[in-house]
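Colleague: structure for the following, please:
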Amino acid sequence: MIPGDDERRPRGEGGGSSSSSTTECKASRRQDRFAARRLDAALRLPDLEDGTRDPSVSWDACRAPGELVLEVGPRNTAWLQGSSKVVVPLLASLGSRWQYEGQAGGWAFPKRFVDDVLALADHERRPIRLRSVDR
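Modeller: Alright, predicted model coming up:
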């Protein structure tokens with residue numbers, strides 16, 4: 001008998017890396033859906049008694065469906081937020097390198113491609129919001 005053989009699990013069971021990433025992905029989607037529903041409700045409902053809106057909704061970060069958010073940092077990096085079905089082909093068509101940064105919540109790419117991203121988004125008639133950030 002091989003040492004540790006009794007500890008092996010049959011294929012498809014257990015906590016492999018794919019099952020944990022799937023769980024994280026589902027949790028992330030669930031949070032996104034909850035945030036979208038909360039934002040929709042906050043936009044439909046009247047203001048609170050003191051004249052403000054729901055304080056738990058991040059009003060700067062909210063974007064319209066299909067809108068891209070381009071954040072430009074002080075150094076050599078820019079971040080593009082939006083649907084990965086839109087962002088990845090857009091960056092790939094420019095010949096840029098990119099990677100997803102969870103902390104920034106968007107796709108990081110070299111700052112020298114910002115003009116190209118803006119021109120291509122305008123050509124494809126995609127709404128885009130530009131922000132300056134300090135990261």
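Colleague: switch to C-alpha atoms for all contacts and neighbour counts from now on
Modeller: Noted.
Colleague: how close does Asp116 sit to Ala78?
Modeller: 12 Å (C-alpha to C-alpha, to the nearest Å).
Colleague: who's more crowded, those two?
Modeller: Taking other C-alpha atoms under 10 Å, Asp116 and Ala78 do not tie; Ala78 has more neighbours (23 against 14).
Colleague: so what's the more buried one bridging to?
Modeller: Residues in a beta bridge with Ala78, per DSSP bridges, are Val72, Phe109.
Colleague: might you report the residue contacts of it?
Modeller: Ala78 makes contact with 70-72, 108-111, 114 under the criterion C-alpha atoms under 8 Å, 6 or more residues apart in numbering.
Colleague: can we see that at 6 Å?
Modeller: Going by C-alpha atoms under 6 Å, 6 or more residues apart in numbering, Ala78 touches 71-72, 108-109, 111.
Colleague: just give me the closest of those to Gly95.
Modeller: Proximity of the contacts of Ala78 to Gly95, judged by C-alpha to C-alpha, is greatest for Phe109, which lies at 10.6 Å.
Colleague: so that closest one makes contact with Trp98?
Modeller: Yes: contact criterion C-alpha atoms under 6 Å: Phe109 and Trp98 qualify, at 4.6 Å.
Colleague: show me which of those two is the more surrounded one.
Modeller: Phe109 (21 against 17).
Colleague: my guess is Leu130 contacts Leu70. True?
Modeller: Yes: using C-alpha under 6 Å, Leu130 and Leu70 qualify as a contacting pair, with a distance of 4.8 Å.
Colleague: which of the two has more neighbours?
Modeller: Comparing Leu130 with Leu70 by other C-alpha under 10 Å, the one with more neighbours is Leu70, at 23 against 12.
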